[in-house]
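what follows is a protein structure lacking sequence information:
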């Protein structure tokens, strides 16, 4: 498998900064959340909620759950709150893959029940990300050539 681009795939059609609204002079929406500043966190948020039709998720802990999921170690042992582990050891690294590939890997993730997004939203979250993965922006990846977590980590390591 070859990958010709070294940029991080953004799942949303527009940058995160474009997803904002204004009420009584105050901005709201994902563009205002510090928890979604990384592309990986924004990708997971966009995959998990339709920000095109509503600029906020009904759960006030949604962005915290998103961030904690990206910080979860791939071996399921902990949430790396300080992000002291390399990106390649956290769920965040998987969010650099095309959305359908991320969803494929999450469905097979040995520690699925430990992911904060799964703990908060359960199987409904899995259905949502599966449905939304096909509308997310894609790149020139060959998604069927990555079949497991080890291959995904090898591809991400090659991009460094």
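Now that the structure is in, tell me what you want to look at. Predicted, not measured: the structure shown is a model, and the values here were computed from it. Residues are numbered from 1 along each chain as shown.

need the pLDDT of residue 126.
For residue 126, the pLDDT comes out at 97.

that one and residue 109 touch, don't they?
No: contact criterion C-beta atoms under 8 Å: residue 126 and residue 109 do not qualify, at 10.4 Å. For the C-beta atoms, the positions are set from N, CA and C on the backbone; glycine is no exception.

pLDDT below threshold where in this protein?
For the chain, the stretches with pLDDT under 70 are 1-7, 138-148, 155-160.

break down it into its strands, ranges please.
21-23, 26-28 (DSSP state E).

what's the last one packed up against?
Right, the one you point to is strand 26-28. strand 21-23 (3 or more C-beta pairs under 8 Å, 6 or more residues apart in numbering; DSSP states H and E).

for the strand it packs on, buried residues please.
Residues of strand 21-23 include none that count as buried (16 or more other C-beta atoms under 10 Å).

what's the answer for stretch 91-103, then?
Across stretch 91-103, burial judged by 16+ other C-beta under 10 Å covers 91-103.

what of stretch 71-81?
For stretch 71-81, by 16+ other C-beta under 10 Å, it's 71-72, 74, 79-80.
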